[in-house]
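1. just need the structure, nothing else, for what follows:
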Amino acid sequence: MKTTILPLFNRVFSKTFRKAFLSVSAVSFLLFFLDFGRCIRLDPVFESKHFLLCVFTLIGWSFCIALSVRALGMRKTVPVIGLAVLFIVMDYVNYSDFRFVAGESDGPQGGRMMNLYCTYFHSLTTVSIFLIIYLLSFCCRSRFLTFLRYFLYYLFFLFALTVIGNKVFSGRGINEDAMIAILQTDRKEAFHYFFGLNNGLLLLVWIFLSVFVLWLIARFAFPPFRKRVGYRKMLAKNAALWCAAALLPCVVMGIFGSMYRFFPPRMYRAMRYPILYSLDLKEFNRNRADYIRKLQERLSSINKGECFPGKYVVVIGESLNRNFMGCYGYPKNTTPFQSRLKDEDRIILFRDCFSCHVQTQRVLMLFLTSLNQYNGKGYEIADATSIIDIANLYQYHTAWVSGQEKIAVANSSISALAESSDYIYFSNEKTPYRDLDVVKNIEENKLLDYDRSLTFVHLNGNHYPYRLSFPPDEVFDEQDFSIYEKSIRFNDRILSNLYDLAQANDVDVMLYVSDHADAVSVKMGHDPRQYVQEMAEIPLWVYLSDNYRAAHPEIADRLRAASGQVFTNDLVFDLLLSLMGMDNEFVDPTLVPGSDGYRIDEENARTVYGRERIVISRQNGAE
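-> Down below sits the predicted model:
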């Protein structure tokens, strides 16, 4: 034993090792404590257990790098050190403009201190595991290990460089909101968004240059040993074993410290979000039969009361900013039809309406269900009661007609909730100017012929890219319209066609509201990662037929009196059920505008799922 261990110790833990260990540990601890001091001032939640875990990880990391310098030399170790630095830089660059809540260590982004610990722990342990493979690939004649070394080298570096490049060129980091945007987009929108708003061409050039530079570094750092091959291979093998021994306690402490279960890397959390979201939807669809049975039992156990028979149409706009609408005071005549309805007192126009989020998928999950920002029920689809299911139980014919292609919502809450409609239609990807197709589909299928019906019309509306939302030969009487203003004008024409169709079929109530807006004046679209309130400033108006006004004058008067109240579109559920006369436990009267106890005002109105406070401005028109 003595003749085996002592030579091994002396060869590995040499003077070179000691110098490298002291140098790496000094620099690593200096950077960590500088960052720690900055975070502790902003978030005084210390978390001593995780702090000690990071200290042990830094020691283990320094130990592993010193071993690599001793076994491979500095030249071959530089890429590993660079990867660790790049991972930490990636995390800070990507999340530099995202918000943190002091002490909220298990929130969407977590507190600053916990994210500091997560960044260092996960970055250094991941790179240390790569280092073990890296060392073994030099000392073992294994094509698999050599392939794995190159594969992980390019994968890790390109991933980090792509994330950094995306933030630099687009100004937006990658998080759960970005994953939601990817889930709900279609191919055309994705193409124009990537190359338009996201500066995708620059990002592709960046990736190409990164690959070229990484190839040059690989040629410089990865050549085989030329001298004393056996000795060097022995050092690399021993170093790999010592690295594994040093890394194991850190990983074990990380497991017991819940670093993997509750505090995984933020980028991992973002990347796994689509998978978790899809699993939730599958669970919701799998349990739909049981959900409907329980809903029927729930309605049968209460006095569900009567409802108002009639025809109800809900038109959902897309990316429409009310500040660019003539009927809201915009100086250009972008909405001649809606302005006429307003002037003739045919509609009730809500002045201060806002979206509950700025992504279609997240808006409609609250729009169509009993979930909202104010009742404390959270935002899990499994806990939602759908307005379509309630209408079905009240014997209404329900229809969902969408001007957006199904691929954009197939794995979304929109599809899951619309699935229970009696009639479902999604426009085809190849269908030009889909909203014209929507009007035609409603007319041809006679969806408004039913005496008791609830029809949802989800328009393509003002979807980006705006120039694809209206025909190129569309004639506009004002020549100085921007592309977005032209899309609003064409949307006004679609609404005119829907209104005429509703009039011809004696529709009782027609409600129009947009899902969210686009921040057109600042050219920012509707990305919640760079939220500005303009993204949530949407139109809402309600048409009540003469017959409906005569039958329910108190509702008409109450609604008109409420037109100046603050409203967010997650409350459409309560508003619509009240308009349909469904007096049951699903309706919260304090969330119905015009009711005596309506509790949403300038002080508590929120958006982005309660994250952002709404600030009311009485100035109409876009700047």
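2. can you classify residue 316 as helix, strand or coil?
-> The three-state label given to residue 316 by DSSP: H, G, I helix; E, B strand; the rest coil is strand.
3. can you pull the buried residues of stretch 27-40?
-> Along stretch 27-40, these residues count as buried under the neighbour rule (16 or more other CB atoms under 10 Å): 28, 32, 35-36, 39-40. To be clear about C-beta, it is placed using only N, CA and C from the backbone, and glycine gets the same treatment.
4. if I look at residue 145, how far off is residue 151?
-> Relative to residue 151, residue 145 is positioned 10 Å away (criterion: CB to CB, to the nearest Å).
5. comparing the two, which residue is more hemmed in?
-> Legend: neighbour count by other CB atoms under 10 Å for residue 145 and residue 151, higher for residue 145 (17 against 11).
6. so that one, which of the three states?
-> For residue 145, the secondary structure call by three-state DSSP comes out as helix.
7. double-check it against residue 132; I have them as touching.
-> No - using CB atoms under 8 Å as the test, residue 145 is too far from residue 132 to be in contact (10.5 Å).
8. now residue 505. Nearest residue, chain neighbours left out?
-> For residue 505, ignoring the flanking residues on the chain, the nearest one in space by CB to CB, 6 or more residues apart in numbering is residue 448 at 3.7 Å.
9. quick check: phi and psi at the one you found.
-> Phi and psi for residue 448, reported as degrees, to the nearest 10, are phi -100, psi 10.
10. also the one 5 residues further on?
-> Reported as degrees, to the nearest 10, the phi and psi values for residue 453 are phi -150, psi 150.
11. all further residue positions should be reported with the first residue as 25.
-> OK, 25 is where the count begins now, so the last one is residue 477.
12. excluding its backbone neighbours, what's nearest it?
-> If the residues on either side of it in the chain are set aside, residue 477 comes closest to residue 421, at 4.5 Å by CB to CB, 6+ apart.
13. for residue 568, same thing?
-> Here the residue nearest residue 568, using CB to CB, 6+ apart, is residue 580, at 5.5 Å.
14. gap between residue 583 and residue 493?
-> The span separating residue 583 from residue 493 equals 30 Å under the rule CB to CB.
15. comparing these two, which residue is more hemmed in?
-> Each of residue 583 and residue 493 has its neighbours counted (other CB under 10 Å); residue 493 has more, 26 against 21.
16. re the thing from before, in helices, which of the buried residues of stretch 51-64 appear?
-> For these, membership in helices holds for 52, 56, 59-60, 63-64, with DSSP state H as the criterion.
17. could I get those residues as a markdown table with distance to residue 467 and pLDDT?
-> A markdown table is the format used below for these (distance: CB to CB, whole Å; pLDDT from 0 to 100):
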| residue | distance to residue 467 | pLDDT |
| --- | --- | --- |
| 52 | 69 | 91 |
| 56 | 66 | 90 |
| 59 | 63 | 86 |
| 60 | 66 | 87 |
| 63 | 61 | 82 |
| 64 | 65 | 81 |
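18. which one of those residues sits closest to residue 187?
-> Compare each of those with residue 187 using CB to CB and the shortest gap goes to residue 59, at 19.1 Å.
19. shouldn't that closest one be in contact with residue 137?
-> No - because the distance of 10.2 Å does not satisfy CB under 8 Å, residue 59 is recorded as not touching residue 137.
20. and residue 267, what element?
-> Mapping residue 267 onto the secondary structure by DSSP states H and E places it in helix 253-280.
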